[in-house]
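In: Build me a structure from this.
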Amino acid sequence: MTKVIRAEIYKLFHSFHLWGIALGYLFLNSILVHDHTDEMSFMRSGMYPIPFLIFFMVALAIVMIGNEFDQRQIQGYIAAGHKRFEVFAGKLIVYLMGSMGIMLGTLLLDGLAGLLIRGEAIDFGTVLFLIPSFIAIAVVPAFFAFLFKDIGKTLGSGLVCFVLMIASVNTAGISDKAVYLPYGHSLLGYSEALPADRTGLLLLDLAWIAVFVIGSYVAVCRSDLK
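Out: Residues are numbered from 1 along each chain as shown. Below you'll find the predicted structure:
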(Lines give C-alpha, C1' and ligand atoms only; values in the text may rest on other atoms or scores of the structure.)
Protein backbone atom coordinates (compact mmCIF):
# COMPACT_ATOMS: atom_id res chain seq x y z
CA MET A 1 0.00 0.00 0.00
CA THR A 2 2.92 2.34 0.64
CA LYS A 3 3.87 2.26 -3.04
CA VAL A 4 0.31 3.13 -4.05
CA ILE A 5 0.18 6.04 -1.60
CA ARG A 6 3.53 7.38 -2.77
CA ALA A 7 2.45 7.18 -6.40
CA GLU A 8 -0.87 8.88 -5.64
CA ILE A 9 0.79 11.67 -3.66
CA TYR A 10 3.16 12.30 -6.56
CA LYS A 11 0.25 12.48 -9.00
CA LEU A 12 -1.73 14.69 -6.62
CA PHE A 13 0.90 17.38 -6.23
CA HIS A 14 1.94 17.29 -9.88
CA SER A 15 -1.60 17.66 -11.20
CA PHE A 16 -2.87 21.11 -12.15
CA HIS A 17 -6.40 19.88 -11.29
CA LEU A 18 -5.68 19.98 -7.54
CA TRP A 19 -4.27 23.48 -7.67
CA GLY A 20 -7.11 24.70 -9.88
CA ILE A 21 -9.72 23.27 -7.51
CA ALA A 22 -7.89 24.67 -4.47
CA LEU A 23 -7.61 28.16 -6.01
CA GLY A 24 -11.27 28.11 -7.05
CA TYR A 25 -12.32 27.09 -3.54
CA LEU A 26 -10.12 29.76 -1.97
CA PHE A 27 -11.36 32.47 -4.35
CA LEU A 28 -15.07 31.82 -3.77
CA ASN A 29 -14.48 31.39 -0.04
CA SER A 30 -12.81 34.80 0.13
CA ILE A 31 -15.86 36.39 -1.53
CA LEU A 32 -18.41 34.68 0.72
CA VAL A 33 -16.40 35.31 3.89
CA HIS A 34 -16.42 39.08 3.39
CA ASP A 35 -20.22 39.07 3.38
CA HIS A 36 -20.12 38.42 7.13
CA THR A 37 -16.87 39.81 8.53
CA ASP A 38 -18.57 43.09 9.50
CA GLU A 39 -20.74 41.15 11.95
CA MET A 40 -18.46 38.38 13.23
CA SER A 41 -14.92 37.05 13.31
CA PHE A 42 -13.09 35.90 10.17
CA MET A 43 -13.04 32.31 11.39
CA ARG A 44 -16.76 32.20 12.09
CA SER A 45 -17.36 33.80 8.71
CA GLY A 46 -15.15 31.11 7.16
CA MET A 47 -17.46 28.39 8.45
CA TYR A 48 -20.44 29.81 6.58
CA PRO A 49 -19.29 29.08 2.98
CA ILE A 50 -18.29 25.44 3.61
CA PRO A 51 -21.64 23.83 2.62
CA PHE A 52 -21.85 26.02 -0.49
CA LEU A 53 -18.39 24.96 -1.69
CA ILE A 54 -18.83 21.21 -1.34
CA PHE A 55 -19.13 20.87 -5.12
CA PHE A 56 -15.35 21.39 -5.24
CA MET A 57 -15.01 18.09 -3.33
CA VAL A 58 -17.21 16.50 -5.99
CA ALA A 59 -14.80 17.83 -8.62
CA LEU A 60 -11.83 16.45 -6.69
CA ALA A 61 -13.45 13.00 -6.41
CA ILE A 62 -14.10 13.04 -10.15
CA VAL A 63 -10.48 13.93 -10.94
CA MET A 64 -8.81 11.61 -8.44
CA ILE A 65 -11.13 8.59 -8.54
CA GLY A 66 -13.77 8.65 -11.28
CA ASN A 67 -11.38 9.76 -13.98
CA GLU A 68 -8.84 7.11 -13.01
CA PHE A 69 -11.43 4.39 -13.47
CA ASP A 70 -12.17 5.86 -16.90
CA GLN A 71 -8.47 5.91 -17.74
CA ARG A 72 -8.09 2.37 -16.33
CA GLN A 73 -5.31 3.46 -14.00
CA ILE A 74 -6.97 1.80 -11.01
CA GLN A 75 -7.45 -1.36 -13.04
CA GLY A 76 -3.73 -1.10 -13.87
CA TYR A 77 -2.86 -1.19 -10.15
CA ILE A 78 -4.86 -4.41 -9.80
CA ALA A 79 -3.27 -5.93 -12.90
CA ALA A 80 0.17 -5.07 -11.50
CA GLY A 81 -0.51 -7.27 -8.47
CA HIS A 82 -1.72 -4.80 -5.85
CA LYS A 83 -4.55 -5.98 -3.64
CA ARG A 84 -7.89 -4.24 -3.96
CA PHE A 85 -7.76 -3.04 -0.37
CA GLU A 86 -4.32 -1.49 -0.93
CA VAL A 87 -5.52 0.36 -4.03
CA PHE A 88 -8.76 1.45 -2.37
CA ALA A 89 -7.08 2.62 0.83
CA GLY A 90 -4.28 4.39 -1.04
CA LYS A 91 -6.70 6.25 -3.31
CA LEU A 92 -9.02 7.21 -0.46
CA ILE A 93 -6.23 8.36 1.88
CA VAL A 94 -4.64 10.62 -0.72
CA TYR A 95 -8.03 11.96 -1.85
CA LEU A 96 -8.82 12.83 1.78
CA MET A 97 -5.42 14.50 2.11
CA GLY A 98 -6.31 16.73 -0.83
CA SER A 99 -9.80 17.44 0.52
CA MET A 100 -8.55 18.25 4.01
CA GLY A 101 -5.79 20.42 2.61
CA ILE A 102 -8.38 22.50 0.76
CA MET A 103 -11.16 22.74 3.37
CA LEU A 104 -9.08 22.81 6.54
CA GLY A 105 -6.31 24.92 5.02
CA THR A 106 -8.79 27.56 3.82
CA LEU A 107 -10.49 27.75 7.22
CA LEU A 108 -7.12 28.21 8.92
CA LEU A 109 -6.25 30.95 6.41
CA ASP A 110 -9.50 32.69 7.37
CA GLY A 111 -8.48 32.46 11.01
CA LEU A 112 -5.00 33.76 10.20
CA ALA A 113 -6.52 36.70 8.32
CA GLY A 114 -8.59 37.53 11.38
CA LEU A 115 -5.50 37.30 13.58
CA LEU A 116 -3.41 39.59 11.37
CA ILE A 117 -6.12 42.13 10.53
CA ARG A 118 -8.05 42.36 13.78
CA GLY A 119 -6.01 40.43 16.33
CA GLU A 120 -8.72 37.76 16.62
CA ALA A 121 -7.80 34.51 18.33
CA ILE A 122 -7.86 31.36 16.22
CA ASP A 123 -10.31 28.85 17.70
CA PHE A 124 -8.20 25.72 17.25
CA GLY A 125 -10.63 23.69 19.35
CA THR A 126 -13.46 24.21 16.88
CA VAL A 127 -11.10 23.59 13.94
CA LEU A 128 -10.06 20.23 15.39
CA PHE A 129 -13.69 19.35 16.09
CA LEU A 130 -14.64 20.06 12.46
CA ILE A 131 -12.00 17.69 11.00
CA PRO A 132 -14.23 14.58 11.29
CA SER A 133 -17.07 16.63 9.81
CA PHE A 134 -14.87 17.58 6.84
CA ILE A 135 -13.91 13.93 6.35
CA ALA A 136 -17.58 12.93 6.46
CA ILE A 137 -18.33 15.57 3.82
CA ALA A 138 -15.52 14.35 1.57
CA VAL A 139 -16.31 10.62 1.70
CA VAL A 140 -19.77 11.11 0.16
CA PRO A 141 -18.56 12.09 -3.37
CA ALA A 142 -15.78 9.51 -3.01
CA PHE A 143 -18.45 6.86 -2.45
CA PHE A 144 -20.22 7.79 -5.69
CA ALA A 145 -16.91 7.77 -7.57
CA PHE A 146 -16.08 4.26 -6.31
CA LEU A 147 -19.64 3.10 -6.92
CA PHE A 148 -20.12 4.37 -10.50
CA LYS A 149 -16.46 4.33 -11.60
CA ASP A 150 -16.80 7.06 -14.19
CA ILE A 151 -16.97 10.82 -14.54
CA GLY A 152 -20.54 11.39 -15.71
CA LYS A 153 -22.45 9.45 -13.05
CA THR A 154 -20.16 10.70 -10.28
CA LEU A 155 -20.77 14.29 -11.40
CA GLY A 156 -24.52 13.75 -11.73
CA SER A 157 -24.98 12.09 -8.34
CA GLY A 158 -22.70 14.61 -6.67
CA LEU A 159 -24.65 17.54 -8.10
CA VAL A 160 -27.97 15.99 -7.03
CA CYS A 161 -26.68 15.66 -3.47
CA PHE A 162 -25.34 19.21 -3.62
CA VAL A 163 -28.69 20.62 -4.76
CA LEU A 164 -30.51 18.70 -2.03
CA MET A 165 -28.00 19.97 0.50
CA ILE A 166 -28.45 23.61 -0.58
CA ALA A 167 -32.22 23.16 -0.42
CA SER A 168 -31.94 21.78 3.11
CA VAL A 169 -29.75 24.71 4.20
CA ASN A 170 -32.51 27.10 3.14
CA THR A 171 -35.21 25.11 4.89
CA ALA A 172 -36.83 26.63 7.95
CA GLY A 173 -35.66 25.01 11.16
CA ILE A 174 -32.40 23.72 9.69
CA SER A 175 -30.55 24.66 12.88
CA ASP A 176 -32.50 21.91 14.67
CA LYS A 177 -31.62 19.32 12.00
CA ALA A 178 -28.02 20.43 11.42
CA VAL A 179 -26.76 18.27 14.26
CA TYR A 180 -27.49 15.18 12.15
CA LEU A 181 -25.63 16.37 9.06
CA PRO A 182 -21.84 16.66 8.64
CA TYR A 183 -22.06 19.91 6.66
CA GLY A 184 -24.47 21.24 9.28
CA HIS A 185 -21.79 21.27 11.94
CA SER A 186 -19.96 24.12 10.23
CA LEU A 187 -23.26 26.05 10.19
CA LEU A 188 -23.59 25.42 13.92
CA GLY A 189 -20.07 26.77 14.38
CA TYR A 190 -20.93 29.80 12.27
CA SER A 191 -24.04 30.51 14.35
CA GLU A 192 -22.22 29.75 17.64
CA ALA A 193 -24.73 26.96 18.30
CA LEU A 194 -22.25 24.13 18.88
CA PRO A 195 -23.08 22.41 22.18
CA ALA A 196 -20.57 22.33 25.01
CA ASP A 197 -20.59 18.51 24.92
CA ARG A 198 -19.81 17.60 21.32
CA THR A 199 -19.43 13.85 21.81
CA GLY A 200 -22.74 13.10 20.12
CA LEU A 201 -21.82 15.18 17.06
CA LEU A 202 -18.46 13.44 16.82
CA LEU A 203 -20.12 10.02 16.95
CA LEU A 204 -22.51 11.07 14.19
CA ASP A 205 -19.59 12.15 12.01
CA LEU A 206 -17.83 8.84 12.63
CA ALA A 207 -21.03 6.98 11.72
CA TRP A 208 -21.30 8.89 8.42
CA ILE A 209 -17.65 8.14 7.68
CA ALA A 210 -18.02 4.43 8.49
CA VAL A 211 -21.12 4.00 6.33
CA PHE A 212 -19.67 5.63 3.22
CA VAL A 213 -16.16 4.20 3.56
CA ILE A 214 -17.50 0.66 4.02
CA GLY A 215 -19.94 1.22 1.16
CA SER A 216 -17.10 2.41 -1.07
CA TYR A 217 -14.97 -0.63 -0.27
CA VAL A 218 -17.86 -3.00 -0.90
CA ALA A 219 -18.38 -1.33 -4.29
CA VAL A 220 -14.70 -1.85 -5.15
CA CYS A 221 -14.73 -5.48 -4.00
CA ARG A 222 -17.76 -6.28 -6.16
CA SER A 223 -16.39 -4.60 -9.26
CA ASP A 224 -14.84 -6.22 -12.28
CA LEU A 225 -11.50 -4.42 -12.35
CA LYS A 226 -9.59 -6.74 -14.69
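In: Could I get the full set of helices for the protein?
Out: Assigned by DSSP state H, the helices in the chain fall at 2-13, 16-33, 42-47, 55-61, 67-70, 73-79, 84-118, 124-148, 151-169, 174-177, 182-190, 199-221.
In: Comparing the ones you listed by mean pLDDT, which bottoms out?
Out: Of all those, mean pLDDT reaches its minimum on helix 174-177 (a mean of 61).
In: so what's L28 up against?
Out: L28 makes contacts with P49, F52, L53, as judged by Cβ atoms under 8 Å, 6 or more residues apart in numbering. Where C-beta positions appear, they are placed from N, C-alpha and C, glycine not excepted.
In: so how many other residues sit close to the second one?
Out: Which is F52. Residues within reach of F52, counting by other Cβ atoms under 10 Å, total 16.
In: And for the first one?
Out: Applying other Cβ under 10 Å, we find 23 other residues in the vicinity of P49.
In: go on, the last one?
Out: Using other Cβ under 10 Å, the number of residues around L53 comes to 18.
In: Report the contact partners of it.
Out: By Cβ under 8 Å, 6+ apart, the neighbours of L53 are Y25, L28, N29, L32.
In: May I see these organised as a markdown table, with distance to L115 added?
Out: Listed next are the contacts of L53 as a markdown table, based on distance: Cβ to Cβ, whole Å:
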| residue | distance to L115 |
| --- | --- |
| Y25 | 21 |
| L28 | 22 |
| N29 | 17 |
| L32 | 19 |
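In: Quick one: buried ones out of the residues you listed?
Out: When those are checked for burial by 16 or more other Cβ atoms under 10 Å, the buried set is Y25, L28, N29.
In: distance of the last one from A59?
Out: N29 sits 15 Å away from A59 when distances are taken as Cβ to Cβ, to the nearest Å.
In: Tell me how far the most centrally placed residue in the chain lies from I50.
Out: Central residue of the chain (Cα atoms, centre = their mean): A138, 2.8 Å from the mean position. Per Cβ to Cβ, A138 is found 11 Å from I50.
In: Let's have the contacts of L28 in CSV, adding distance to Q73 and pLDDT.
Out: Putting the contacts of L28 into CSV (distance: Cβ to Cβ, whole Å; pLDDT from 0 to 100) gives the following:
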residue, distance to Q73, pLDDT
P49, 32, 87
F52, 31, 86
L53, 27, 90
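In: residues near the residue lying closest to L188 once chain neighbours are set aside, how many?
Out: Excluding its sequence neighbours, the residue lying closest to L188 (Cβ to Cβ, 6 or more residues apart in numbering) is L194, at 4.8 Å. Counted with other Cβ under 10 Å, residues neighbouring L194 total 21.
In: what's near enough to touch L194?
Out: Counting by Cβ under 8 Å, 6+ apart, the residues that L194 touches are T126, F129, H185, L188, L201.
In: Let me know the closest of those residues to Q73.
Out: Ranked by distance to Q73 (Cβ to Cβ), those are led by H185 at 34.0 Å.
In: got a list of what the residue nearest to that closest one when sequence neighbours are not counted touches?
Out: Excluding the flanking residues, the one nearest H185 by Cβ to Cβ, 6+ apart is S133, at 4.3 Å. S133 sits next to P182, Y183, H185, S186, L201, D205 when contact means Cβ under 8 Å, 6+ apart.
In: Neighbours of the third one, how many?
Out: The burial metric for H185, expressed as a neighbour count using other Cβ under 10 Å, is 30.
In: Hmm, V127 and it touching each other?
Out: No. Checked against Cβ atoms under 8 Å, the pair H185 and V127 is beyond contact range at 11.9 Å.
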